[in-house]
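sequence? don't have it. structure:
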């Protein structure tokens, strides 16, 4: 793993899923096409090809697909595009836009209407309650009008919506005339999970927009924003105005073209799911308690202060939160680049 | 130039300087470090190394350096950071922020106070006049307060500020207590031009912020924003809020580390300058009239409609504007990737 | 009360405290000075006089005082002025800026960091907890940085901060280096309440900014924003940029000059407090249960559906919320213009 | 004119048209209705009555009419409502929104696309040229898309559009699918001018929105925004979000009800026009040169430095700009409150 090629002792790292560069196949394609000239701003043939493959994978022939360079950027711009300037966005209190995007949605002028969550998930009945409360308020003209719902799949806590849950959310959004947006920063790891029953065509059918995450799922960087039924006007201008129009569109397009060729994106998801399962087995065999169900590539476990202190010098992981009984909720993340030896080494150390 | 390796007829292209991927050396470094894990958000060792090299090259040991993914984004965020929310930015009417950034500066709430230009350049006396007019206005509390000056080097028209001109601009900014920001999207092509007498340390000394362009100057993508005397607080948060914080900082850091190793950035500039000179010679030998002096990698020439029609099917270039006498101002752009054969072929066709 | 002068049956109204015009004394002064010419934008002599009286009443000789035309406007502009563009505002979940200002604070780009409340009040320890949580977060650069605390006195629920509570809040703000802003839309009704132990000089000492409410407290309209220690630069420009600079400053200045002459503002508060006490006595004598302690001019009581239905045709009031046991929390508001006969009539009807 | 009632020497003032309070008839109505209770936020009967009268006067039965408290606020909110967040507003370089509103339009995120002007007026062919240039630009997706045209009637320089000119502007806007907005801060003085051939129904037919100025035309304060064909959704929420929703709507509604009763608004315009004519005669008889044609209540004349120095201690007026030959362009403004004696006195002094 070291560029200099020198042997060194393995230090397993489960800190995050965006510490490496690109999946080797993605990198290979970038290298191969490096000196080819492509039209700017996503009008190149690789971007066109990637868009066609994404439309096919989503079973959404009218979809508009745009390539952006970051997730927070994508969330802010897409939400700002889909709602009126005076509307707000309903999200779980734990949602990334509500916690770790430094107010990027508010920077665009929109309130995040947060609701309590369980396991990172928003429920259809919570959305209904927000809407009913707003509609019942005689002063609702003075209240931020909800315009869109934000969810992520997997959620911030690595959990998954079932197709039934997602369908119920979509139904309630349509009943109340608000939009539904899905943040798919780690979508590959949902699609690859054996616990997942939501497909890309499901998402395309049920949501008004979503993004297919690249940076955490095998790309060097980049995200693909999808408006499955099209109809978005002047989005290039909107992107430019937000400082989010990537000049060398070919560079992201080539990567998504690679990720959506021969099922690489799903392969990355599946392989990671197997790695996560191995990790879960290690925790189970060592009696480490899960802090939450972990169907995807983020696994939250409970460790005592002593365990944390012992492990920290030798393994990379994140302290997530403290429990009331003084233990730590600790996050371990795996991805396509996690080596089997890292799991083995962790097993030794536990 | 074609990834498939098939022979094909050469079609010279002078359309823009951001159609290829990265300079091979940059690409080599990206590949070499691809699977190494790096701390996110620019805290990795490659970004640290790149920052150190840039500080050295700028003779600015206290400089803060941040890596962003695009030029419009960099302009908007840096300007928004340097001035108060109620201040505006003085720029030439032809400035990129005033013409081709879709109002990204205004999206941040700031007025672009545009002044007429000649050859794309803003003059110190024009800045002085704006300030004096504002100061003399009894209603100036109702007028947007100028807070910063935006220039680019090279300018939109490929021209260069002399050190004297830049010094005069800096002096007038300091006299009136406003900031100076330099957009260096194509800075390598200024630094490599024989007509240029402005160095990176000069820029660092004379400006309050600037960016060293990567995307058009050898990087796959990415720009390095530099605050030469430091003092900027909470810029990571500001970047995040603007959707401009790049998660895998290592990916841009590695590129700038390569560009600032062994003088590659200057080498790219010099090589391109030689290519531009060859192109100028071709135009001169064919009697093609220059529309403007062209000391950098963008060359503006005057062609008749017939010439344009004849050339267009065989060579890539941009129609820039129409002259009053019915001719076209046509832009030819070269960069580090322009092949000598492309110039030869153009010479044949003219 | 009817402009046509015709006798009509009295219909008591307790709907809100901003349904009438101005207190007669304020109106008299407006009429008296109507044709006098005054410098625009608050530079007139009446505004100067009002400012001097407010500074004296606040024991804040360096205070900057500005007159604005509305409360939401004042909240948004003052908060936007006191914090950096990337900072947020801590407020009780029930705070007016978080519930009934249509996202005006978010429109300025700032997140409202809401915390649960009891009786409408924010506690010092809650502010401390928000700050400690933010400081303890390793990802805090990605989290909205708290920059200011918003409270109102009285609160949205008519309750009052004690001087001890306000001092504790101020202390915690200063300890963490954040600002404190107090919304005084109904400040007269706090100052006039026998339950209140917070004076204007206390507020001026403990807060970084506050506003003295006019519209609900005897003025035709208008609010006085106070920065008790001065130091705000370019606020006229900031007001203009936000569409909040009132051209005929004299019109608001004259009103505050009247309100701060011979203690009229306090007189309005005291008289209203007596009216509120009479109303409380009526409720007590009729066995109507209070929904919350009501030390100011907004009284929240519990009524059954039958009581609401019987009363609604004859008395104006607001249904505030439904309780779990099916009753209504109903709001009755009195002000300087409430007639004794209205209370009598209500007593009859209950 | 002095509140204290003391005799004092007359000092004529022609500084601006917003130094007094309200026209006596407006004040009378405010006083008369002062203690009546009215529903908040413009739902009261006086606002309803005013709206009905305005619709009738505009021959626009479907018009939506809203009352705001200031002109800059009205311009910014209405423009922000009528265009998409990424669109800009075409205006004469001298337009109030481009010069003296402190960037309020840019604060809402929109670029002001300014074009050179003559006599303060924008011409239809200039708008056409902006649109054609934008449409012809291959990079127009990177250019701010024009979405609306801003004009004022009278203009900043007191000039008037003819019906032909206004019709041509409206035609070109409709041809290119952009909106037309007219700032009527001084509309009464246009309507009262003998040089004017544009009626309120003309404006309602030709524009997408406009405002009828109150503050400078007889009201204590307040402006009436009119959307002549309706169709604006959620404007109360938009106003609230911008801090522009006036709580005691009755206070502005009553004033416009008075101004639109028995033709008072026109009467104010006509009386002022006569006063302006008397002033023009005085200038003509004294050989004072006009700086520009002055069909409305703002008269621009050329005075030498000596004349300015001699006059300034005894008469109020504004120095507008310096001419190249060292003279001053000086502005004299009259309104409904200008006394004949002021003109007489000025005549004496010249």
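Structure received. Fair warning: this is a prediction, and the values are worked out from it, not measured in the lab.

residues in contact with the residue of chain A most remote from its centre?
Distance from the C-alpha centroid of chain A, by Cα atoms, centre = their mean, peaks at residue A:138 (37.5 Å). If you count contacts by Cβ atoms under 8 Å, 6 or more residues apart in numbering or on different chains, residue A:138 has them with C:318-319. To be clear about C-beta, it is placed using only N, CA and C from the backbone, and glycine gets the same treatment.

What does the pLDDT read for it?
What the model reports as pLDDT for residue A:138 is 89.

a strand runs through it, doesn't it?
No. Counting by DSSP: H, G, I helix; E, B strand; the rest coil, residue A:138 falls outside a strand, being coil.

Just want the phi and psi numbers for it.
Phi and psi for residue A:138, reported as degrees, to the nearest 10, are phi -60, psi -20.

roughly how far apart are it and residue D:250?
Applying Cβ to Cβ, to the nearest Å, the value for residue A:138 to residue D:250 is 19 Å.

any idea where the strands of the stretch 51-200 of chain A begin and end?
A:64-68, A:87-92, A:112-115, A:145-152, A:179-184 (DSSP state E, counting those that start in this stretch).

Tell me the residues of the stretch 51-200 of chain A that contact chain C?
Counting by Cβ under 8 Å from any Cβ of the partner chain, the stretch 51-200 of chain A comes close to chain C at A:85-86, A:88, A:99-103, A:106-107, A:109-112, A:138-139, A:141-144.

That should have said the stretch 251-350 of chain A, apologies.
So the stretch 251-350 of chain A meets chain C at A:318-319 (Cβ under 8 Å from any Cβ).

Domain ranges for chain A, per the record?
A:24-261, A:265-349 (automatic domain parsing).

these two touch, right, residue A:266 and residue A:193?
No. With contact defined as Cβ atoms under 8 Å, residue A:266 does not count as touching residue A:193 (11.1 Å).

So for the two, which sits in the more crowded spot?
Taking other Cβ atoms under 10 Å in any protein chain shown, residue A:266 and residue A:193 do not tie; residue A:193 has more neighbours (23 against 16).

Show me what from chain A comes close to chain D.
Checking chain A against chain D by Cβ under 8 Å from any Cβ, the hits are A:41, A:80, A:84-86, A:109, A:141-142, A:145, A:234, A:236-238, A:240-241, A:245.

what sits against residue A:114?
Residues near residue A:114 by Cβ under 8 Å, 6+ apart: A:91-93, A:95, A:98.

State the distance from it to chain D.
19 Å (Cβ to the nearest Cβ, to the nearest Å).

bridging residues for that residue?
On the basis of DSSP bridges, residue A:114 is bridged to residue A:91.

where does it land on pLDDT?
pLDDT, read off for residue A:114, is 97.

Neighbours of the residue nearest to residue A:295 when sequence neighbours are not counted, how many?
Using Cβ to Cβ, 6 or more residues apart in numbering or on different chains and skipping the chain neighbours, the partner closest in space to residue A:295 is residue A:195 (3.6 Å). By the criterion of other Cβ under 10 Å, residue A:195 has 14 neighbours.

in terms of contact, does residue A:195 touch residue A:161 like I think?
No. If you go by Cβ under 8 Å, residue A:195 and residue A:161 don't touch, sitting 10.7 Å apart.

quick revisit: go through the residues of chain A next to chain D and say which is closest to residue D:151.
Nearest to residue D:151 among the residues of chain A next to chain D, counting by Cβ to Cβ, is residue A:85 at 24.0 Å.

right, and the closest one touches residue D:85 too?
Yes. The pair residue A:85 / residue D:85 is scored as a contact, 6.0 Å apart, by Cβ under 8 Å.

Excluding sequence neighbours, find me the nearest residue to residue A:67.
Nearest to residue A:67 is residue A:252, by Cβ to Cβ, 6+ apart, at 3.8 Å.

what number of residues lie near that neighbour?
Count around residue A:252 with other Cβ under 10 Å applied: 26.

what about it, which SS state?
Secondary structure for residue A:252, judged by three-state DSSP, is helix.

Distance of the residue farthest from the centre of chain A relative to residue C:320?
Distance from residue A:138 to residue C:320, by Cβ to Cβ: 10 Å.

Could you check how far the residue nearest to the spatial centre of chain A is from residue A:191?
Closest residue to the average C-alpha location of chain A: residue A:185 at 1.8 Å, with Cα atoms, centre = their mean. Distance of residue A:185 to residue A:191, computed by Cβ to Cβ: 13 Å.

how many other residues sit next to the closest residue to residue A:346 other than its chain neighbours?
Spatial nearest neighbour of residue A:346, chain neighbours left out: residue A:12 (5.2 Å); criterion: Cβ to Cβ, 6+ apart. By the criterion of other Cβ under 10 Å, residue A:12 has 22 neighbours.

need the contact list for residue A:12.
Counting by Cβ under 8 Å, 6+ apart, the residues that residue A:12 touches are A:314-316, A:341-343, A:345-346.

Report the beta-bridge partners for residue A:225.
Under the criterion used (DSSP bridges), residue A:225 bridges to residue A:66, residue A:211.

contacting residues for the closest residue in space to residue A:322 that isn't next to it in sequence?
Distances taken as Cβ to Cβ, 6+ apart place residue A:328 nearest to residue A:322, at 6.2 Å, with adjacent residues excluded. Listed by Cβ under 8 Å, 6+ apart, the contact partners of residue A:328 are A:302-305, A:308, A:319-322.

what do you get for residue A:49?
So residue A:49 contacts A:253, A:257 (Cβ under 8 Å, 6+ apart).

so is it in a helix, a strand, or just coil?
Per three-state DSSP, residue A:49 ends up helix.

where's it relative to residue C:231, distance?
Remark: distance between residue A:49 and residue C:231 (Cβ to Cβ) = 59 Å.

Ok, residue A:132 next?
Taking Cβ to Cβ, one finds residue A:132 at 46 Å from residue C:231.

So between the two, which is more surrounded?
More crowded of residue A:132 and residue C:231, by other Cβ under 10 Å: residue A:132, with 12 against 9.
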